[in-house]
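Novice: This is the structure alone, sequence omitted:
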C-alpha cells in the first residue's frame, strides 16, 4: 500500500495542476484589470523567492502560491475580450470569418463555429475578432477552414462572469468555449469566398468524411451509425432509442471518443509496431505521433486530449529511459488543457474524464492488491480484473454522475465487462477496414 502513496506524493505536476485549478476558481473574485496586474507582480516576486529560497518548505509554498496566482491571472486574461472583439460593434450588417469547426445536432441541423476576421458596421469595414456559432437551414457546401461572408447580426451571449443559475446549459457551454454570439441563418445568407492559408482542419475533415462514407456504404444504417460513433465520435445519426439504451445501461461513454478509445488505439499501435521489431524509443515516438493524428481526426475534446497527453508522457519514458508516473502524466494533461482554456475546469466532460482516469489510477491498484491472493491467474482472473477496472471508474465518477445526472447505474460495471472488449474489437476492425478503403475505388 505504501508504494501507491509514494507514487501520488512524487507527482509534482499533479499537485501543481490542482493549485492552478484552484487559482482558476479564485478568478471569480477579480473584477478589475488592476487587480490582475497586481497579482501578476505578486506571482513574479513569488517565483523569484521560489528560486532563491533555500528552505524546502518555503520554496514549495512559494511555488504553489505562484501556480495559484498564475491560474487566476490566466482565467481572467482568457475571458477579457480584445479591443477589436466583434461584440463591441453595433449595427453589424456583414461578417467575414473562417470556419473552425462543423457539426450537426441530434435533430439533423448543421452548425459551424466561425472565427470572426472582419465586419461591416455602420457602413464601415473593421478588423474584428471573437467566435460565433451559426446554425444553417438549407445546408450549403462549406467546409472547415473555408473563408465565408455572413449577412446579419449575431445575437450576443452573456460572458463568463454574467452566467448564473438560470442560464441554460447550452448557453453556458458556448460561453465557456469563448463563443460570443449565435445566429440562425438560411444557406443563401452565407457565401464561401476562399480557403485559409493553413487548412489543416480541412484535411482531417475530408478524412473523416471519407471514412464516414465508407462506413455508411458497407454497413446497415444502425450499425453504421454505431460504428461511426465509436470510431469517429460522430453521434449525429445514432437513433434516439439506441442512444437511450446505452445511457440507461451506463455505457454511453463508448459513443464519445475518450480515454478508453485512445488507450485501445495506443495499445493497438504499440502491438503492431512491436511486430516490426523497432527500438522502444522509436516505437514510442511513432505511437505518440499517430495518437496526435487520431486526436486531430476525432476533434480536440478534453477527454481525448487528456488521454493523448497522458499516453505521450507515459510513452516518453521509453525515450528518456525513465520509469513512468501515471499521476504525473494526469497532472501534465490537466495543466496543458487548463492553460489553453481555463473554462474547461467547469466543463462536465473535463471533470468526468479526469475523475475516471483518477479512479483507475487510485482505486484499481488498491482493489487489485486487496484481491490479489483470491484472483486466480486464469482467464477468469483476467475477467475479474476487467470488472475491477470498471468498478474503479465508477467509484471515481460516481459523485459527479449522481450530482449532475441524479442517477447511478449499478449494472454499469457488468455491462462494461462485455461492452469494453467489444469496443476494442470494433476499433481494431475499423482501423483495418479504413486502410482497405484507401485501396478500394
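Specialist: All right, it came through fine. Just so it is clear, the model here is predicted, and its values are computed rather than measured.
Novice: Now do the end-to-end distance for stretch 129-149.
Specialist: 14 Å (CA to CA, to the nearest Å).
Novice: Now it: buried residues?
Specialist: 129-134, 136, 139-140, 142-148 (16 or more other CB atoms under 10 Å). In short, each C-beta sits where N, CA and C put it, glycine included.
Novice: Just the closest of those to residue 330, please.
Specialist: Lowest distance from residue 330 to these (CB to CB) belongs to residue 131, with 29.2 Å.
Novice: which ones are touching the closest residue to that closest one other than its chain neighbours?
Specialist: With CB to CB, 6 or more residues apart in numbering as the criterion, residue 131 has its nearest non-adjacent residue at 4.9 Å, and that residue is residue 179. Residues near residue 179 by CB atoms under 8 Å, 6 or more residues apart in numbering: 113, 131-133, 157.
Novice: just to revisit the earlier point, if we take the buried residues of stretch 129-149, which one ends up nearest to residue 213?
Specialist: Set against residue 213, the nearest of the buried residues of stretch 129-149 by CB to CB is residue 143 (14.4 Å).
Novice: Distance-wise, check that closest one relative to residue 18.
Specialist: According to CB to CB, to the nearest Å, residue 143 and residue 18 sit 40 Å apart.
Novice: returning to that earlier point: so which of the buried residues of stretch 129-149 sit within strands?
Specialist: 131-134, 136, 146-148 (DSSP state E).
Novice: Farthest-apart pair in those residues, please.
Specialist: Within these, 133 and 147 form the most distant pair, 17.4 Å apart (CB to CB).
Novice: ok so, going back, quick check on the residue nearest to residue 131: phi, psi?
Specialist: phi -90, psi 120 (degrees, to the nearest 10).
Novice: how close does it get to residue 389?
Specialist: 36 Å.
Novice: Tell me where the stretch 151-300 of the chain has helices.
Specialist: Taking DSSP state H, counting those that start in this stretch as the test, the helices found in the stretch 151-300 of the chain are 169-176, 200-218, 221-232, 240-248, 259-275, 280-298.
Novice: and the residue nearest to residue 274 when sequence neighbours are not counted, how many residues sit next to it?
Specialist: Using CB to CB, 6+ apart and skipping residues adjacent in sequence, the residue nearest residue 274 is residue 283, 6.7 Å away. Residue 283 has 20 neighbours, counted by other CB atoms under 10 Å.
Novice: cool, the one 3 residues further on as well?
Specialist: Residue 286 has 17 neighbouring residues, counting by other CB under 10 Å.
Novice: What pLDDT is listed against it?
Specialist: Residue 286 is assigned a pLDDT of 91 by the prediction.
Novice: Please look at it and residue 273 and confirm they touch.
Specialist: Yes: using CB atoms under 8 Å, residue 286 is in contact with residue 273, at 5.9 Å.
Novice: Other residues contacting stretch 423-431?
Specialist: By CB under 8 Å, 6+ apart, stretch 423-431 touches 215, 227, 230-231, 254, 260-261, 264-265, 268.
Novice: Low-confidence ranges, the stretch 301-441 of the chain, go.
Specialist: Along the stretch 301-441 of the chain, the model assigns pLDDT under 70 to residues 302, 372-383, 386, 407-418, 420, 435-441.
Novice: Can you show me the helices along it?
Specialist: With helices called from DSSP H, counting those that start in this stretch, the stretch 301-441 of the chain shows them at 302-320, 326-340, 348-371, 379-405, 412-437.
Novice: Compare those and give me the one nearest residue 41.
Specialist: Taking CB to CB, helix 326-340 is the member of the helices of the stretch 301-441 of the chain nearest to residue 41, at 20.2 Å.
Novice: Distance from the chain centre to the closest one, please.
Specialist: 12 Å (CA atoms, centre = their mean, to the nearest Å).
Novice: Next, the angle helix 259-275 makes with it.
Specialist: 120 degrees (axes from the mean of the first three to the mean of the last three CA atoms, to 10 degrees).
Novice: which other helices and strands contact helix 326-340?
Specialist: Here helix 326-340 touches helix 2-9, helix 12-26, helix 56-79, helix 302-320, helix 348-371, going by 3 or more CB pairs under 8 Å, 6 or more residues apart in numbering; DSSP states H and E.
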